[in-house]
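> heads up, no residue letters with this:
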């Protein structure tokens, strides 16, 4: 930029004739010239703006030329200064240069002498400018690199996955806080040998690469249980880092937390095991009975035959019901339930359920009371779902009741909820049983329940239906006395939300 | 004739199994939960125990088997299972399940008799 301008030159001399003559001469040559008639003016001009060149008279009445030069150089070290002197001697020249002058011009000088000196001085000035530009550019680039590096570091340190890079000697060269956390390290040092500190499986992943000379483009992964009982499960993946010439520079390991995934996987496999177990039980029972019939060495009385056929029938019915319940659960889980939301009066849903169970109710000699508060708001629900929900609860209240007991169904309003309480005088629940009540396949097993059949899925379905309507369920129970279920179904927020949801589902 | 205890929470399995065994002349005692199972073994000192894993019970079949062994009841045990794998429950690798034979349900009468005879013979004859 400065090169494109005409060279800027400052002349400081107390001799008027020389000042004006030199100015005219230089302007003719394309220089931009300013002049000062004494030392102090020279200092104020030369320290205000940066000149390419300055010609400074050594002897001035007010202040020494060397002093003037010193002040100017203090402000602009890159201004090229020439000392003009009538007492040219070896000593003054040395002294001037010692103080930072580029050169000196003995007075009087010819235009040629002046041009020659100035052209040398200006070449010098150009060199200085060039150097200065490079330096600035370099500094700028360094700054950029530093910024880029710190940004990259910030990003690496923010990643929730652990990152560890080791060099060919197995020494740590880069790692982030997540890696330290997963590996349980307080701190490791850069260039510290870490292979023997790592969990064996992760060290193994790194060791697959370290002996190799060439960098092969492949990765190894391993799932590692870092803390037992599924407390911390990670997936570690190692990949090689290559030098520009293709040789192995090191290995990068990424450690990803998969604990939640493993927990879900475990629950799933547990559920599958449980389903298999539950489905197999009735199959095994019926199989056992059928084998009795086909085994010629076993003699069965007519009464036994009838009993075993009857038992087989019951077990197969149970199996069928369980399969249907499982399908219901699976549909609810996949959210492929197609709902038909409409305005429903809860009493209209519950009355037919009681009629349906009339036979069981009279068999057990139960008294069923239904009380309904007046002017209850209607629910916006799917009739089938709500019917299934209360069928399961009422069926339980009958099944687990004592002969001659009672069932009290009480429907009221509480805030935004319609609350339905179903209270039986049955066998009740032990506290430990109550906690597991809504788990799949849980059935309270004790001397009182051994003759009651069930799939262990009914209450799990009840809970799922209630949850899907943003409702809640409360259980109170005393062993040997009875159980009460309170179902809360919201009637206000049901309007729009559920309808929209239903649209999406169908 | 040898005495056999059947402990299984499925009454139908208990019924069918006992019928198979009694028809072969064995004496059978039964229970449908671990507590009763423990009692009938203590009271009857059977020659063989058929024990279901009963995974729904808080003290399941494995627990009961271990209890017998801890009390130096060395009666051979046939364990009924319905799922061949360990049912997702955690058994330590070093934790030996103290049973002599596993049988996966459903089981045919021939199989059952076969296993029972084999174990009783190994024990030193009827």
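Perfect, I can see it now. Predicted, not measured: the structure shown is a model, and the values here were computed from it.
> how close does residue A:109 get to chain B?
102 Å (CB to the nearest CB, to the nearest Å). For the C-beta atoms, the positions are set from N, CA and C on the backbone; glycine is no exception.
> so what pLDDT did that residue get?
Per-residue pLDDT puts residue A:109 at 85.
> which residues does it contact?
Residues in contact with residue A:109 (CB atoms under 8 Å, 6 or more residues apart in numbering or on different chains) are A:84, A:117.
> what does residue B:99 give?
B:51, B:65, B:77, B:78, B:79.
> now do 7 Å
B:65, B:77, B:79 (CB atoms under 7 Å, 6 or more residues apart in numbering or on different chains).
> Can I take it that it is in a strand?
No - Residue B:99 is assigned coil when assessed by DSSP: H, G, I helix; E, B strand; the rest coil, not a strand.
> rewinding a little: out of the contacts of residue B:99, which is nearest to chain A?
residue B:79 (14.0 Å; CB to the nearest CB).
> Identify the residues contacting that closest one.
Contacts of residue B:79 (CB under 7 Å, 6+ apart): B:51, B:53, B:61, B:65, B:99, B:102, B:103.
> Got the phi and psi for it?
Phi and psi for residue B:79, reported as degrees, to the nearest 10, are phi -100, psi 130.
> In space, what's closest to it - neighbours in sequence excluded?
Excluding its sequence neighbours, the residue lying closest to residue B:79 (CB to CB, 6 or more residues apart in numbering or on different chains) is residue B:99, at 4.4 Å.
> Can you read off the pLDDT for the one you found?
Note for residue B:99: predicted pLDDT of 79.
> That one and residue B:61, how far apart?
Noted for residue B:99: a distance of 8 Å to residue B:61, by CB to CB, to the nearest Å.
> do the same with residue A:183
Noted for residue A:183: a distance of 41 Å to residue B:61, by CB to CB.
> Between these two, which is the more surrounded one?
residue B:61 (25 against 21; other CB atoms under 10 Å in any protein chain shown).
> Assess the claim that that one and residue B:52 are in contact.
Yes - in terms of CB atoms under 7 Å, residue B:61 counts as a neighbour of residue B:52; the distance is 5.4 Å.
> by contact count, what packs against the strand or helix carrying residue B:120?
Residue B:120 belongs to helix B:109-124 when assigned by DSSP states H and E. On a contact count with 3 or more CB pairs under 7 Å, 6 or more residues apart in numbering or on different chains; DSSP states H and E, helix B:109-124 meets helix B:11-23, strand B:48-52, strand B:101-104.
> between these, which gets the lowest average pLDDT?
Among these, strand B:101-104 carries the lowest mean pLDDT (a mean of 82).
> list the buried ones in that strand?
Buried residues in strand B:101-104, counting neighbours by 16 or more other CB atoms under 10 Å in any protein chain shown, are found at residue B:103.
> Is there contact, residue-wise, from it to chain A?
No - if you take CB under 7 Å from any CB of the partner chain as the test, strand B:101-104 misses chain A, and the best it gets is 9.0 Å.
> re the thing from before, quick one, phi psi at the residue nearest to residue B:79?
Dihedral angles (degrees, to the nearest 10) for residue B:99: phi -120, psi 160.
> Next one: it from residue B:66, what distance?
Taking CB to CB, one finds residue B:99 at 10 Å from residue B:66.
> Please apply the same query to residue A:124.
98 Å.
> what is the mean pLDDT for the helix or strand containing residue A:26?
Remark: residue A:26 resides in helix A:16-28, with elements defined by DSSP H and E. Mean pLDDT, computed over helix A:16-28, is 89.
> Which residues are in contact with residue A:225?
Taking CB under 7 Å, 6+ apart, one finds residue A:233 in contact with residue A:225.
> Quick check: which ranges of chain B have low pLDDT?
Scanning chain B for pLDDT under 70 picks out B:55-59, B:83-97, B:124-126.
> So for it, the centremost residue is which one?
Nearest residue to the geometric centre of chain B (CA atoms, centre = their mean): residue B:50, 1.9 Å.
> do chain A as well
residue A:160 (6.2 Å).
> separation between that residue and chain B?
The spacing between residue A:160 and chain B, counted by CB to the nearest CB, is 29 Å.
> One more: residue A:58?
98 Å.
> what does residue A:83 give?
94 Å.
> That residue belongs to a helix, doesn't it?
No - counting by three-state DSSP, residue A:83 is not found in a helix; it is strand.
> which residues of chain A score low on pLDDT?
In chain A, residues with pLDDT under 70: A:1-4, A:88, A:336-337, A:445-455, A:492-506.
> which stretches of the stretch 401-506 of chain A form helices?
Assigned helices in the stretch 401-506 of chain A, in chain order: A:431-435, A:458-468, A:499-505 (criterion: DSSP state H, counting those that start in this stretch).
> list the helices and strands the first one packs on?
Helix A:431-435 makes packing contacts with no helix or strand when contacts are defined by 3+ CB pairs under 7 Å, 6+ apart.
> Can you name the residues in contact with it?
A:444, A:475, A:477.
> List the buried residues in that helix.
For helix A:431-435, using 16+ other CB under 10 Å, the buried residues are A:433, A:434.
> coming back round to it: between the contacts of residue B:99, which is nearest residue A:342?
Closest approach to residue A:342 among those (CB to CB): residue B:79, at 53.2 Å.
> hmm, back to that, find the pair from the contacts of residue B:79 with maximum spatial separation.
Spatial extent of the contacts of residue B:79 (CB to CB) is set by the pair B:65 and B:103 at 13.7 Å.
> tell me how far the helix ranked longest in chain A is from the chain's mean position?
Longest among the helix segments of chain A by residue count, using DSSP state H, is helix A:111-158. Relative to the mean C-alpha coordinate of its chain, helix A:111-158 is positioned 43 Å out (CA atoms, centre = their mean, to the nearest Å).
> next SSE after it?
strand A:162-167.
> in its sheet, what does that next one sit against?
Next to strand A:162-167 in the sheet, as set by DSSP bridges, lie strand A:172-175 (antiparallel), strand A:248-257 (antiparallel).
> ok, residues contacting it?
Contacts of strand A:162-167 (CB under 7 Å, 6+ apart): A:156, A:172-176, A:178-179, A:182, A:194, A:206, A:241, A:249-255.
> go on, stretch A:24-43?
Contacts to stretch A:24-43, defined as CB under 7 Å, 6+ apart, come from residues A:6-12, A:14, A:19, A:23, A:45, A:56, A:60-63, A:67-68, A:71-72, A:111, A:115.
> Equivalent analysis for stretch B:20-37, please.
A:297-298, A:450, B:1-9, B:11, B:14, B:18, B:40, B:44, B:46, B:54, B:57, B:59, B:64, B:109, B:112-113.
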